[in-house]
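Peer 1: Quick one: sequence and predicted model below, then my questions.
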Amino acid sequence: MGIKKNSSSQGIGKTSKSIKAKNGGEARANQPKKQKFDDIGGFNDDSLKLDKPQLIWQVVASIPKGKVASYGQIANLAGLPGYARYVGTTLSRLPAGTKLPWHRVVNAALKIAERGGTRMLEQRKRLEAEGVVLINGKVLKQHHWEL
């Protein structure tokens, strides 16, 4: 007949309500807040099922052509405030040839983050090809993606 799985030991069927009850009325601190970003066409109630990199990738994929966002802005929009460095690490691990517009993510000063190799030059070329203007290495404010 098959093996019957024990749902109580596998965390299946647990709701945030039951988690809150177990934790004395508070949700776990490491859980992202429920976000709705339907206005940018990416997120809905199902976004809580995604892991951190997937949340980041969704936000990055939503950055319009010719605009840039900061690592911290991406983290906040993904429901991961304080994870700006994690955003950078996640993007640095993308495979070569990815279609994700990683080049649209810059540091808080709206500058291309310094790193080794040819990635900085590639990022600059990609941004300029989209019409983004950089002066002394800084992206003009008009290209900053603001919701």
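Peer 2: Arrived safely, thanks for sending. Predicted, not measured: the structure shown is a model, and the values here were computed from it. Numbering: from 1, shown residues only.

Peer 1: in the chain, which segments are predicted with low confidence?
Peer 2: For the chain, the stretches with pLDDT under 70 are 1-48.

Peer 1: Where do the strands of it begin and end?
Peer 2: Ranges of strands within the chain are 69-70, 105-106, 134-135, 138-139, based on DSSP state E.

Peer 1: So which of these is nearest D51?
Peer 2: strand 105-106 (18.6 Å; Cβ to Cβ). Yep, even glycine has a C-beta here, placed from its N, CA and C like the rest.

Peer 1: Against which helices or strands is the closest one packed?
Peer 2: In terms of contacts (3 or more Cβ pairs under 8 Å, 6 or more residues apart in numbering; DSSP states H and E), strand 105-106 is packed against strand 69-70, helix 71-77, helix 84-92.

Peer 1: Let me see the residues that make contact with the second one.
Peer 2: This means helix 71-77. With Cβ atoms under 8 Å, 6 or more residues apart in numbering as the test, helix 71-77 has contacts from 35, 37, 56, 59-60, 69, 81-88, 105-108, 113, 145, 147.

Peer 1: how does it look with 10 Å?
Peer 2: By Cβ atoms under 10 Å, 6 or more residues apart in numbering, the residues outside helix 71-77 that reach it are 35, 37, 40, 42-43, 52, 55-60, 62-63, 69-70, 80-91, 104-108, 113, 144-147.

Peer 1: Return the members of these classed as buried.
Peer 2: Neighbour counting over the contacts of helix 71-77 (16 or more other Cβ atoms under 10 Å) leaves 35, 37, 42-43, 52, 55-60, 62-63, 69-70, 80, 83-84, 86-88, 90-91, 104-107, 113, 145 as the buried ones.

Peer 1: which residues touch K65?
Peer 2: So K65 contacts 101, 104, 129-132 (Cβ under 10 Å, 6+ apart).
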